[in-house]
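Asker: My questions are about this predicted structure, shown below with the sequence.
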Amino acid sequence: MSENEISAIIVDAAFKVHSKLGPGLLESVYETVLEYELKARGLRVDRQRPIPVVYEGVKLEDGFRADLIVEGRVIVEIKSLEIVPPVAYKILLTYLRLSDLRLGLLVNFGESLIKDGIKRVVNKL
């Protein structure tokens with residue numbers, strides 16, 4: 001399954017979660033429910049998986065933690081904010097580079113309309 005096929009499923013699942021729960025909950029709630037929804041659709045999901053960082057030739061095992069990694073190919077970063085700061089997109093791009101993945105989705109459940117809260121971030125895709 002390609003990154004684009006996986007992301008289409010993630011977007012559909014995010015729409016469902018947002019329509020049932022609405023905006024305003026904690027990020028951890030959306031993370032838990034989205035993980036459940038994606039697994040129910042048959043996808044492999046790693047939640048809060050540590051991603052190592054290599055610094056000066058030393059592998060540091062717990063460089064950062066991705067909210068969700070779906071099918072080992074797409075990082076999903078979850079927010080629940082009125083306004084997502086621009087640095088959030090840069091952080092997701094850095095996560096993609098460090099993990100050598102090509103596609104990330106920043107999903108902000110704080111938006112009134114979830115379609116306004118989903119942004120794709122690509123790394124050599």
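Answerer: Good, I have the coordinates.

Asker: all contacts plus neighbour counts: C-alpha atoms, from now on.
Answerer: Will do.

Asker: now whichever strand or helix holds residue 60: mean pLDDT?
Answerer: Assessed by DSSP states H and E, residue 60 sits inside strand 58-70. Across strand 58-70, pLDDT averages out at 90.

Asker: With stretch 9-23 instead?
Answerer: Here the average pLDDT along stretch 9-23 is 97.

Asker: which residues are contacting it?
Answerer: 30, 33-34, 37-38, 80, 107, 109-112, 114-115, 118 (CA atoms under 8 Å, 6 or more residues apart in numbering).

Asker: List only buried entries from those residues.
Answerer: 30, 33-34, 37-38, 80, 107, 109-111, 114, 118 (16 or more other CA atoms under 10 Å).

Asker: So which residue is dead centre in this protein?
Answerer: The centre of the chain sits closest to residue 76, judged by CA atoms, centre = their mean, with a distance of 0.8 Å.

Asker: circling back to that earlier point, kindly format the C-alpha coordinates of the strand holding residue 60 as PDB.
Answerer: Provided in PDB are the C-alpha atoms of strand 58-70 (Å, rounded to 0.1, in the frame of the first residue of the first chain):
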ATOM      1  CA  VAL A  58      26.200   8.000  18.300                       C
ATOM      2  CA  LYS A  59      22.700   6.400  18.100                       C
ATOM      3  CA  LEU A  60      20.500   7.900  20.700                       C
ATOM      4  CA  GLU A  61      17.600   5.500  21.000                       C
ATOM      5  CA  ASP A  62      14.900   8.000  22.200                       C
ATOM      6  CA  GLY A  63      15.400  11.000  20.000                       C
ATOM      7  CA  PHE A  64      11.700  11.700  19.600                       C
ATOM      8  CA  ARG A  65       8.300  10.000  19.900                       C
ATOM      9  CA  ALA A  66       6.000   9.900  16.900                       C
ATOM     10  CA  ASP A  67       2.300  10.200  17.900                       C
ATOM     11  CA  LEU A  68       1.300   7.500  15.300                       C
ATOM     12  CA  ILE A  69       3.200   5.700  12.600                       C
ATOM     13  CA  VAL A  70       0.800   3.900  10.300                       C
END
